[in-house]
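Visitor: Need the 3D shape of this:
(2 chains)
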Number of protein chains: 2
Amino acid sequence: MALYSESVAALIEKFSQLPGVGRKSAQRVAFHLLSLSNEEVKSFAETMVRAKETLCFCSICQNMSDKEICDICANDSRDKSVICVVEDPRDVVSIEKSMEFRGRYHVLHGVISPSKGVKPDDIKLRELVSRIDGTVKEVIVATNLTVEGETTAMYIAKLLAPLGVEVTRIAHGLPVGGDIIYADEITLAKALAGRTRIG
Amino acid sequence: MALYSESVAALIEKFSQLPGVGRKSAQRVAFHLLSLSNEEVKSFAETMVRAKETLCFCSICQNMSDKEICDICANDSRDKSVICVVEDPRDVVSIEKSMEFRGRYHVLHGVISPSKGVKPDDIKLRELVSRIDGTVKEVIVATNLTVEGETTAMYIAKLLAPLGVEVTRIAHGLPVGGDIIYADEITLAKALAGRTRIG
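Guide: Residues are numbered from 1 along each chain as shown, chains lettered A, B, ... in the order given. A predicted model of the protein is given here:
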């Protein structure tokens, strides 16, 4: 005999597929949701669909946005001469919170990983190269301090070398092997301030 | 400047209101969801609404169900002479997994708690009393081993005393102060087998 009705089991299954959510957490979250009013559950579901439907990627920096050009790229007070390259949209959020960086971003949506079959063409590197014109003086590579992140940083350094732009690497203020999204603001600020030249 | 678009911020906010989900987890889950296809997000949202819409409560035991009478109450091979009283539908799931109990359940949907203003009439006690007829020989009170759970157990013992039914309490195999939903199957099986008479 099933322990849950089919529709409740389906909901628990959906939640347990989310990252960091185990079976017991999924059950707890699902039961909490079912204890809300019909209107609250509908509102949650609609928020989900609307967030996905309005989601697009900034045509300049490739960050998640709900506009053709994101707020950061559209902001003229941000320094056009520095681009900070990150793996993931969440990294932009973390670095913005550090309040240390006033330039623009470029979101790669991944890192080069031969073991996972991710090639340079699979991430937003062409879009990065196309942004390097006379106005860009420095590209700060803020990929994570993992093998893949370091490989990608070296690749970018070589890729941009002929274009006359300085390529720097975010400093080892971050714990090695750690993810940028879990770093605290002060560590991130230090890591940005202590960046070193690569390539 | 907002770190997220409005619709993404709204989604993170929804997730962070779920139990056991902090801000960073909510962000991670929201970004993961946005990385899924439109169809997958819609399917998640529909699962949510459908689970809520089909949800009702068994007219006999008050457990969550998608039918007028739940699978356990409708199952004639379950022992009609024993009712196990629990606080929450999740407790039924935990006890079913222990495979130790072959009777029926009664879900109170809460416990008596003077400090939180929960009175006997606010939980499904009247529905329990109305089930006590000649066929029910024993009521096992499996509320949690908290002050409120114990208070509720004592209240039930006094309430049912005039009705000629034996009221027992699930044994202290459970860690005191712990929740039934987090107990492992063997502990729960022991706790059921070692139940003692109260009242």
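Visitor: how far is the top helix by length along chain A from where the chain is centred?
Guide: As assigned by DSSP state H, the longest helix anywhere in chain A is helix A:38-54. Using CA atoms, centre = their mean, to the nearest Å, the mean C-alpha position of helix A:38-54 is found 23 Å from that of the whole chain.
Visitor: Quick check: buried residues in that helix?
Guide: A:41-42, A:44-45, A:47-52 (16 or more other CB atoms under 10 Å in any protein chain shown). For glycine as for every other residue, the C-beta is placed from the backbone atoms N, C-alpha and C.
Visitor: which residue packs closest to A:Thr135, ignoring adjacent ones?
Guide: Once flanking residues are discounted, A:Thr135 sits nearest to A:Lys80: 5.0 Å by CB to CB, 6 or more residues apart in numbering or on different chains.
Visitor: Wait, a strand at that neighbour?
Guide: No - under the criterion used here (DSSP: H, G, I helix; E, B strand; the rest coil), A:Lys80 is coil, not part of a strand.
Visitor: Contact partners for the nearest residue to A:Asp122 once chain neighbours are set aside?
Guide: Leaving aside its sequence neighbours, A:Asp122 sits nearest to A:Gly110 (CB to CB, 6+ apart; 6.4 Å). Contact analysis of A:Gly110 by CB atoms under 8 Å, 6 or more residues apart in numbering or on different chains lists A:87, A:118, A:122-123.
Visitor: Between these, which sits nearest B:Met64?
Guide: Nearest to B:Met64 out of the contacts of A:Gly110 is A:Glu87 (CB to CB; 41.8 Å).
Visitor: Now do the strands in chain A.
Guide: For chain A, the strands defined by DSSP state E occupy A:56-57, A:64-65, A:82-86, A:104-107, A:138-141, A:166-169, A:196-197.
Visitor: quick check, nearest of the contacts of A:Gly110 to A:Thr187?
Guide: When the contacts of A:Gly110 are ranked by distance to A:Thr187 (CB to CB), A:Glu87 comes first, at 17.1 Å.
Visitor: Ramachandran coordinates for the closest one?
Guide: Note on A:Glu87: its backbone torsions stand at phi -80, psi -40 [degrees, to the nearest 10].
Visitor: Helix or strand with the lowest mean pLDDT in chain A?
Guide: Least confident helix or strand of chain A, by mean pLDDT, DSSP states H and E, is strand A:196-197 with a mean of 72.
Visitor: Which residue comes closest to A:Trp119 once chain neighbours are left out?
Guide: One correction, residue A:119 is Lys, not Trp. A:Ile112 (6.9 Å).
Visitor: And that neighbour, how close does it get to chain B?
Guide: As defined by CB to the nearest CB, to the nearest Å, A:Ile112 lies at a distance of 19 Å from chain B.
Visitor: Now do the contacts for that residue.
Guide: A:118-120, A:123, A:148, A:151-152, A:155.
Visitor: mind running it again at 10 Å?
Guide: Contact analysis of A:Ile112 by CB atoms under 10 Å, 6 or more residues apart in numbering or on different chains lists A:118-123, A:125, A:143, A:148-156.
Visitor: follow-up on the earlier one: as JSON lines, the buried residues of helix A:38-54 with pLDDT would be great.
Guide: Converted to JSON lines, these look like this (pLDDT from 0 to 100):
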{"residue": "A:Val41", "pLDDT": "95"}
{"residue": "A:Lys42", "pLDDT": "95"}
{"residue": "A:Phe44", "pLDDT": "95"}
{"residue": "A:Ala45", "pLDDT": "95"}
{"residue": "A:Thr47", "pLDDT": "94"}
{"residue": "A:Met48", "pLDDT": "94"}
{"residue": "A:Val49", "pLDDT": "95"}
{"residue": "A:Arg50", "pLDDT": "93"}
{"residue": "A:Ala51", "pLDDT": "91"}
{"residue": "A:Lys52", "pLDDT": "92"}
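Visitor: near chain B, which of these show up?
Guide: A:41-42, A:44-45, A:47-52 (CB under 10 Å from any CB of the partner chain).
Visitor: Could you check the pLDDT of the residue nearest the centre of chain A?
Guide: In chain A, the residue lying closest to the centroid (CA atoms, centre = their mean) is A:Asp88, at 1.8 Å. Listed pLDDT for A:Asp88 reads 91.
Visitor: May I see the buried residues of stretch A:132-140?
Guide: Under 16+ other CB under 10 Å, the buried positions of stretch A:132-140 are A:132, A:136, A:138-140.
Visitor: What's the separation between the residue nearest to A:Thr135 and chain B?
Guide: From A:Lys80 to chain B the distance is 16 Å (CB to the nearest CB).
Visitor: Counting neighbours, what do you get for that residue?
Guide: Neighbours of A:Lys80 under the rule other CB atoms under 10 Å in any protein chain shown: 14.
Visitor: re the thing from before, buried ones among the contacts of A:Ile112?
Guide: So, by 16+ other CB under 10 Å, the buried ones in the contacts of A:Ile112 are A:123, A:125, A:143, A:148-156.
Visitor: Please name the residues that touch the closest residue to A:Pro19 other than its chain neighbours.
Guide: Nearest residue to A:Pro19 in three dimensions, chain neighbours excluded: B:His32, at 5.1 Å (CB to CB, 6+ apart). Going by CB under 10 Å, 6+ apart, B:His32 touches A:17-21.
Visitor: Now which of those residues would you call buried?
Guide: A:18, A:21.
Visitor: Between the contacts of B:His32, which sits nearest A:Val165?
Guide: Nearest to A:Val165, judged by CB to CB, of those is A:Pro19 at 35.2 Å.
Visitor: Verify the stated contact: that closest one with B:Ala26.
Guide: No - when contacts are counted by CB atoms under 10 Å, A:Pro19 is not listed as touching B:Ala26 (11.5 Å).
Visitor: which residues in chain A form helices?
Guide: Going by DSSP H, chain A shows helices at A:6-16, A:23-34, A:38-54, A:89-98, A:125-129, A:147-160, A:185-193.
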